[in-house]
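K.L.:
Pasting the sequence and the predicted model now:
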Amino acid sequence: MLSSRASNWLVFSRALRKLKPVVAQVLGRSRFAEDALASAMGRGINQYVIVGAGLDSYALRRPDPAGQLRIFEVDHPDTQRAKRRRLGSLGIALPAHLEFVAIDFELQELSEAMKGSSRRRDTPAFYSWLGTTHYLTPQATLATLGSIARCAAPGSEVVLDYSVPLSLIDPEKLRDLLWVEKLARRMGEPLIGNLDPVQLHADVAQLGYGIVEDLAAPEQARRYFSNRTDGLEPTPACRLLHLRLP
Ligand SMILES: C[S@@+](CC[C@H](N)C(=O)[O-])C[C@H]1O[C@@H](n2cnc3c(N)ncnc32)[C@H](O)[C@@H]1O
């Protein structure tokens with residue numbers, strides 16, 4: 001849809017205009033994570049764990065001929081099967097620096113699932129966890145962050161996106177957001193994961209993390225969306241958080 005100007009216009013300027021901030025959120029969160037990963041690699045981190053990877057295409061977009069980075073995609077086995085099938089039907093081979101780690105978050109802790117992988121526990125890793133906390137209870141989000149803190153070496157980093165409570169959002173922008181929320185509920189994926197930034201900062205500090213950055217929409221817009229002509233701008237409903245274990 002995005003590659004054709006006509007279908008792009010029809011879908012995002014007409015039929016699904018209200019989803020535009022969601023598109024911007026998907027682009028912004030990946031860029032935020034991949035910029036932070038690039039800096040982490042500059043500091044010598046060479047393991048990238050993509051939690052709830054879904055159709056994340058980083059491993060395909062960034063071949064690693066020098067063998068600098070090992071990538072672990074952690075996801076539900078059904079999603080991984082579907083991804084393998086889709087890539088197979090497109091004739092795309094899985095790159096050698098990519099390893100799939102199967103997990104069912106309902107049944108298993110991340111630290112347990114990672115034990116079955118070749119990830120090294122004694123060296124730091126970079127974790128991204130994108131597009132998922134919105135659908136989890138705050139307790140489940142903190143449990144997974146706690147699990148990462150327990151199984152990651154000092155110096156490891158985590159990037160995630162999260163939704164803020166509606167009470168923190170400018171009432172003028174609320175109408176479109178409530179529409180998105182209703183749509184998600186109808187699709188059986190209610191957005192139940194609102195996290196208050198002040199409380200979240202206190203909770204992650206308890207788990208042992210330091211906060212590197214927590215970007216609200218205006219900062220995201222300045223960094224990633226200025227000078228665009230397509231009207232894409234990030235949603236005020238979501239923030240981008242970067243954590244580091246000392
Ligand atoms: C909305 S997608 C996010 C995909 C990607 N990270 C992104 O940024 O677009 C959520 C991911 O969480 C995974 N997931 C949902 N429930 C899960 C569970 N119980 N166990 C393991 N993975 C799960 C799904 O398979 C899916 O890949």
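P.N.:
Cool, got the structure.

K.L.:
Any idea how far apart the tips of stretch 120-127 sit?
P.N.:
With Cα to Cα, to the nearest Å as the measure, the ends of stretch 120-127 fall 13 Å from one another.

K.L.:
contacts for it?
P.N.:
Stretch 120-127 is contacted by residues 36-37, 40-41, 45-51, 119, 148, 151-159, 245 when judged by Cβ atoms under 8 Å, 6 or more residues apart in numbering. Yep, even glycine has a C-beta here, placed from its N, CA and C like the rest.

K.L.:
next one: that stretch to chain centre, how far?
P.N.:
18 Å (Cα atoms, centre = their mean, to the nearest Å).

K.L.:
can that stretch be found next to the ligand?
P.N.:
No: Stretch 120-127 lies out of reach of the ligand by Cβ under 6 Å from any ligand atom, never closer than 11.5 Å.

K.L.:
Residue 243: neighbouring residues, count only.
P.N.:
The number of residues packed near residue 243 is 24, by other Cβ atoms under 10 Å.

K.L.:
is residue 243 in a bridge, and if so with what?
P.N.:
Bridge pairing for residue 243 (DSSP bridges) gives the partners residue 158, residue 211.

K.L.:
Per-residue confidence at it, what does it come out as?
P.N.:
pLDDT, residue 243: 98.

K.L.:
could you measure it against residue 36, distance?
P.N.:
Distance of residue 243 to residue 36, computed by Cβ to Cβ, to the nearest Å: 10 Å.

K.L.:
any common contacting residues for these two?
P.N.:
Applying Cβ under 8 Å, 6+ apart, one finds that residue 243 and residue 36 are jointly contacted by 157, 159, 212.

K.L.:
roughly how far apart are the closest residue to the second one other than its chain neighbours and the ligand?
P.N.:
The spatially closest residue to residue 159, leaving aside those adjacent along the chain, is residue 33, at 4.4 Å (Cβ to Cβ, 6 or more residues apart in numbering). Taking Cβ to the nearest ligand atom, to the nearest Å as the measure, residue 33 and the ligand are separated by 8 Å.

K.L.:
where does this structure come near the ligand, residue by residue?
P.N.:
Residues of the chain found near the ligand (Cβ under 6 Å from any ligand atom) are 26, 52-54, 56, 75-76, 79, 103-106, 130-132.

K.L.:
Sort out which of these are in helices and list them.
P.N.:
Those of the residues of the chain next to the ligand mapping onto helices are 26, 79, per DSSP state H.

K.L.:
In contact with the residue in the chain that the ligand sits nearest to, which residues?
P.N.:
The ligand sits closest to residue 54 of the chain, with a gap of 2.7 Å, by Cβ to the nearest ligand atom. By Cβ under 8 Å, 6+ apart, the contact list for residue 54 reads 75, 79, 83, 131.
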